[in-house]
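K.L.:
fold the following, please.
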Amino acid sequence: MDDEPANDEETPGKRANRELIELLNELRVALPGVQVLFAFLLTIPFSQGFRRLDAGDRRVYFAAVVATAAATLCLIAPTAHHRLRFRSGVKEHLLNVANVFAIVGLVLLAFAVTAVTWLITDVIYPGTLPGVVAGVMAGAFVVTWFLVPFLYRQGRTPEAGERDEDDDG
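P.N.:
So this is what the prediction gives:
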């Protein structure tokens, strides 16, 4: 969510409305991925190949299922909270709580996707490769989802038509 006002005339109420819309739109991007992963995971125990998984693979599978279910819970929670507290004057508090749920949901989703990647790689190529692939995947999630956002320059984003002083072009 953008901490800067969209324009100088934006009131705190308008800002909260805009930020809530932004958050809900972001959740609309994450939720289909979680739902597809969860559906995929729910079908696996009913396939013939599931019986061939060893105890370690089953534990990783179960961890992926639980993480995906928890990610679903966290990513849908802001919508449920908004609906239950609609027009009750708690929008700023809702935004703070929803932001935490969204971040926790993304962490759980990253873990679940990494676990599923490890499991699939282990079934296809047992040995050390699953750990390497899962480590690279986990690292990619940490860097792209959780570290890169902190590399953005501080300061206000220029309005359309304004020239950035550091921009040579």
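K.L.:
which of the helices and strands in the protein ranks last by mean pLDDT?
P.N.:
helix 12-43 (a mean of 87; mean pLDDT, DSSP states H and E).
K.L.:
which SSE is immediately downstream of that helix?
P.N.:
Using DSSP states H and E, the helix or strand that follows helix 12-43 in sequence is helix 55-84.
K.L.:
downstream of the longest helix along the chain, the next helix or strand is which one?
P.N.:
Looking across the chain with DSSP state H, the single longest helix is helix 91-124. For helix 91-124, the succeeding helix or strand toward the C-terminus, using DSSP H and E, is helix 129-141.
K.L.:
run through the neighbouring helices and strands of that next one.
P.N.:
helix 91-124 (3 or more C-beta pairs under 8 Å, 6 or more residues apart in numbering; DSSP states H and E). Quick note: C-beta positions are derived from backbone N, CA and C, even for glycine.
K.L.:
and the helix it packs on, which residues are buried?
P.N.:
91, 94-95, 98, 101-102, 104-119, 121-122 (16 or more other C-beta atoms under 10 Å).
K.L.:
same question, stretch 128-145
P.N.:
Result for stretch 128-145 [16+ other C-beta under 10 Å]: buried residues Pro130, Val133, Ala134, Met137, Ala138, Phe141.
K.L.:
so how far is Glu9 from the last one?
P.N.:
Meaning Phe141. 39 Å (C-beta to C-beta, to the nearest Å).
K.L.:
try the fifth one
P.N.:
Here Ala138 is placed at a distance of 44 Å from Glu9 (C-beta to C-beta).
K.L.:
next, the angle from the least confident helix or strand of the chain to helix 91-124.
P.N.:
20 degrees (axes from the mean of the first three to the mean of the last three C-alpha atoms, to 10 degrees).
K.L.:
spatially central residue for the protein, please.
P.N.:
Leu106 (2.5 Å; C-alpha atoms, centre = their mean).
K.L.:
could you measure from that one over to Leu31?
P.N.:
11 Å.
K.L.:
quick check: neighbours shared by these two?
P.N.:
Counting by C-beta atoms under 8 Å, 6 or more residues apart in numbering, the common neighbours of Leu106 and Leu31 are Leu75.
K.L.:
mind listing what Ala110 touches?
P.N.:
Ala138, Phe141, Val142, Trp145.
K.L.:
number of nearby residues for Leu53?
P.N.:
Per other C-beta atoms under 10 Å, the neighbour tally for Leu53 reads 17.
K.L.:
and which of the contacts of Ala110 is nearest His82?
P.N.:
Trp145 (23.5 Å; C-beta to C-beta).
K.L.:
low-confidence ranges in this protein?
P.N.:
For the chain, applying pLDDT under 70 flags the ranges 1-8, 157-169.
K.L.:
great, nothing more from me.
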